[in-house]
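[1] Requesting a structural model of the entry that follows:
(chains A and B)
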Amino acid sequence: MSAVAAKPVGLWGRLCAGSTVPVLTIVAAILIAWYVGVLALNAPFQRMLYANAGVADYSVSDFVAATMEQDRPVLPSPQQVAREFWKSVFTVPITSKKSLVYHGWVTLSSTLLGFVIGSLLGIGLAVLIVHSRTLDKSLMPWVIASQTIPILAIAPMIIVVFNAINITGIIPKALISTYLSFFPVTVGVVSGLRSPERLHLDLMRTYSATTSQAFWKLRWPSSVPFLFASMKVGIASSLVGAIVGEMPTGAVAGIGARLLSGSYYGQTVQIWAALLTAALMAAVLVTLVDVVDRAVRRRMGVRS
Amino acid sequence: MNVIDIKSLSLTFDTGDGPVHALSGIDLTIGKGDFVSFIGPSGCGKTTLLRVIADLEQATSGSIAVNGTTPELARLDRAYGYVFQAPALYPWRSIARNIALPLEIMGLTRAEIEARIKRNLELVNLTGFEKKFPWQLSGGMQQRASIARALAVEPDLLLMDEPFGALDEIVRDHLNEQLLHLWAKTAKTVVFVTHSIPEAVYLSTKIVVMSPRPGRIYDIVESDLPRGVRPLDIRETPEFLKIAQRVRDGLKAGHSYED
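    Now for the predicted structure:
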């Protein structure tokens, strides 16, 4: 966009011209709101602490500083979360139960497994649905109905049922991810496979192309943009599914387990550090899908 | 033998508002090596008739033979190349790969495909644009690429549905001239849909004037202009203007101005 505008001058000009300043403004706004929240939510408890300790004459700055550094705050301050995150990611050995790298990997592995199964399942269902009117009528309602069941209700059932037949660990959790991620992929790929224009389909007919030739040379390439858009939704859902799958079952490892143990022991700082990890993982995963998407689009000659 | 033989052919579309008589009582023969234009106002069924020949639509009654067989068998035999109104290039394929598309479907060898790409790009003056993607080409170049794609099938029959309709006058003149060169060189049979009188008269050996509601043939004009490549300024000659006048009269008479 700055190509047509006058060339920005100096560091400040370059920052303003790009997206740096808007991004930093939003980050600053979030941090300010966060600090205000910390002060408001932690103040009552802090007043009680001072009252119990018999401290009467405290300065405003002492009080504010104290609300930012409580042991078990209602809302931990950003620096507490950052410190906890740093500690449990970089200073604890990654094999330790206290390491967020360890818990993150447990969650990530079932997220990825669930996502791969979910995407393949979604693509498979979409292909069947597009090529058969009967399956379109009989399968699609179930696909949609499956998503009206709250995942929190069905996740424990899946874990329990699989436990009963001695399947534990990554598979049941991955299946919850699959359950969440196959849906956007199915719906997206169905639209994608149906997206070719009439003209392009007619062209295939004039070549007497077989159904499978029309699929591989026309329908499949047409559906690629839809596939990637739905995979971005799917991979984020997969992560949610994996975390939810770790919560109700007394799982000992994973981001979900970390959240749960944090809430048992009132370790709000630990909860927020785990949440931060989950958010960063989601961002990285969606970005990865986006990178592959861009690479594929470049290969397919999309004008950039 | 006639390439196309149509006898009392009719086609009715069933729509929500009742039947639409797209084609009614069509009788037409097209001989080998002819250049035949269908001309008429929109709604006269000229595109529909072309689509019936290509087996993209099925007639409701009457008979049609393409290469002495049914349109379906002719299509399965890849007897024709079809050029649509829009270039209809696949955006994710380069120009060369677009031309390769029908050839891949036909199962030709790699070497044969490459040879045909080269030959047909030369024919439409697009050599050097193999690796470009469709959006990198102008509208006229895209349409030329789509003609090259239809020619690459090496059909004896070329069906063209207003291929130059979206192009400006100058590009259109140029492509018309190139098309005649091509036709003269390859001795193909061409069926060409247009709504431009000068284009139809300039190109054709036979002009089929159609009229709407129901879509039917109003007049068939056999051109007495010399066959083969005609100079563009033939359009100023009295012979040309006489044929154009007859086509214009036919269009006027067949056109109902009720709506």
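[2] which residues of chain A fall in helices?
    Under the criterion DSSP state H, chain A carries helices at the ranges A:10-17, A:20-53, A:60-68, A:78-86, A:100-131, A:133-146, A:151-164, A:170-193, A:198-206, A:211-214, A:220-246, A:255-264, A:268-299.
[3] I'd like the ones you listed as CSV, with mean pLDDT, distance to B:D5 and mean neighbour count appended.
    To be clear about C-beta, it is placed using only N, CA and C from the backbone, and glycine gets the same treatment. Output for the helices of chain A, formatted as CSV (pLDDT from 0 to 100; distance: least, C-beta to C-beta, whole Å; neighbours: other C-beta atoms under 10 Å in any protein chain shown):
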stretch, mean pLDDT, distance to B:D5, mean neighbour count
helix A:10-17, 72, 69, 12
helix A:20-53, 91, 70, 13
helix A:60-68, 89, 91, 14
helix A:78-86, 93, 81, 17
helix A:100-131, 94, 36, 21
helix A:133-146, 89, 36, 12
helix A:151-164, 85, 65, 15
helix A:170-193, 93, 39, 24
helix A:198-206, 93, 20, 17
helix A:211-214, 93, 30, 14
helix A:220-246, 94, 38, 23
helix A:255-264, 88, 74, 20
helix A:268-299, 94, 47, 16
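[4] I'd like the ones you listed laid out as TSV, including distance to chain B.
    As requested, those are exported to TSV (distance: least, C-beta to the nearest C-beta, whole Å):
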stretch	distance to chain B
helix A:10-17	28
helix A:20-53	31
helix A:60-68	54
helix A:78-86	43
helix A:100-131	18
helix A:133-146	20
helix A:151-164	36
helix A:170-193	13
helix A:198-206	4
helix A:211-214	5
helix A:220-246	5
helix A:255-264	38
helix A:268-299	9
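[5] residues from the stretch 1-150 of chain B in reach of chain A?
    B:54-56, B:75-76, B:78, B:80-82, B:84, B:86, B:88, B:90-94, B:101-102, B:104-106, B:133, B:135-136 (C-beta under 8 Å from any C-beta of the partner chain).
[6] Can you select the buried ones from those in ChimeraX?
    Filtering the residues of the stretch 1-150 of chain B next to chain A down to the buried ones (16 or more other C-beta atoms under 10 Å in any protein chain shown) takes a single ChimeraX command:
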select /B:54,55,56,75,78,80,81,82,84,86,88,90,92,93,94,101,102,104,105,106,133
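[7] In helices, which of the residues of the stretch 1-150 of chain B next to chain A appear?
    In this view, the residues of the stretch 1-150 of chain B next to chain A that belong to helices under DSSP H are B:75-76, B:101-102, B:104-106.
[8] about what we covered before: can you put the helices of chain A in CSV and add distance to B:L49?
    Shown next, in CSV, are the helices of chain A (distance: least, C-beta to C-beta, whole Å):
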stretch, distance to B:L49
helix A:10-17, 58
helix A:20-53, 58
helix A:60-68, 81
helix A:78-86, 72
helix A:100-131, 31
helix A:133-146, 30
helix A:151-164, 57
helix A:170-193, 32
helix A:198-206, 15
helix A:211-214, 25
helix A:220-246, 29
helix A:255-264, 66
helix A:268-299, 40
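[9] Tell me who's in contact with the closest residue to chain A within the stretch 101-250 of chain B.
    Nearest residue of the stretch 101-250 of chain B to chain A (C-beta to the nearest C-beta) works out as B:F133 at 3.7 Å. Counting by C-beta atoms under 8 Å, 6 or more residues apart in numbering or on different chains, B:F133 touches A:301, A:303, B:91-95.
[10] Which ones among those residues lie within strands?
    Judged by DSSP state E, strands contain none of those.
[11] Tell me which of those has the lowest pLDDT.
    Among these, A:R303 carries the weakest pLDDT, at 70.
[12] Just give the number of residues close to that residue.
    Residue neighbour count, defined by other C-beta atoms under 10 Å in any protein chain shown, stands at 9 for A:R303.
[13] give the contact list for it.
    Here A:R303 is in contact with B:133, B:135-136 (C-beta under 8 Å, 6+ apart).
[14] Let's have those residues in TSV, adding distance to A:L11 and pLDDT.
    Output for those, formatted as TSV (distance: C-beta to C-beta, whole Å; pLDDT from 0 to 100):
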residue	distance to A:L11	pLDDT
B:F133	38	94
B:W135	37	92
B:Q136	37	93
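[15] between those, which is nearest B:P19?
    B:W135 (40.9 Å; C-beta to C-beta).
[16] Need the nearest residue in space to that closest one, chain neighbours excluded.
    A:R303 (5.2 Å; C-beta to C-beta, 6 or more residues apart in numbering or on different chains).
[17] Find me the pLDDT at whichever residue of the stretch 151-300 of chain A sits closest to chain B, would you?
    Chain B sits closest to A:M300 of the stretch 151-300 of chain A, with a gap of 3.9 Å, by C-beta to the nearest C-beta. If you check A:M300, the pLDDT there is 89.
[18] neighbours around it, how many?
    15.
[19] hang on, it packs against A:L227?
    No. Assessed by C-beta atoms under 8 Å, A:M300 is found out of contact with A:L227, at 12.0 Å.
[20] B:F38: what secondary structure?
    strand (DSSP: H, G, I helix; E, B strand; the rest coil).
[21] which ones are touching it?
    B:F38 neighbours (C-beta under 8 Å, 6+ apart): B:46, B:49-50, B:191-194, B:208, B:210.
[22] and if you look at B:G228?
    Here B:G228 is in contact with B:180, B:184 (criterion: C-beta under 8 Å, 6+ apart).
[23] thinking again about what came up before, pLDDT for the contacts of B:F38 - can I get that in a markdown table?
    Shown next, in a markdown table, are the contacts of B:F38 (pLDDT from 0 to 100):
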| residue | pLDDT |
| --- | --- |
| B:K46 | 90 |
| B:L49 | 93 |
| B:L50 | 94 |
| B:V191 | 95 |
| B:F192 | 95 |
| B:V193 | 95 |
| B:T194 | 93 |
| B:V208 | 94 |
| B:M210 | 92 |
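[24] Take these and keep only those in strands.
    Checked against DSSP E, the contacts of B:F38 include these in strands: B:191-194, B:208, B:210.
[25] I'd like the residues you listed written out as JSON lines, with distance to A:A40 and neighbour count added.
    As requested, the ones in strands among the contacts of B:F38 are arranged in JSON lines below (distance: C-beta to C-beta, whole Å; neighbours: other C-beta atoms under 10 Å in any protein chain shown):
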{"residue": "B:V191", "distance to A:A40": "79", "neighbour count": "28"}
{"residue": "B:F192", "distance to A:A40": "78", "neighbour count": "28"}
{"residue": "B:V193", "distance to A:A40": "74", "neighbour count": "26"}
{"residue": "B:T194", "distance to A:A40": "75", "neighbour count": "24"}
{"residue": "B:V208", "distance to A:A40": "83", "neighbour count": "26"}
{"residue": "B:M210", "distance to A:A40": "79", "neighbour count": "26"}
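[26] ok, so of those residues, who is nearest A:G256?
    Nearest member of the ones in strands among the contacts of B:F38 to A:G256, counting by C-beta to C-beta, is B:V193, at 64.3 Å.
[27] these two touch, right, that closest one and B:D161?
    Yes. Using C-beta under 8 Å, B:V193 is in contact with B:D161, at 4.8 Å.
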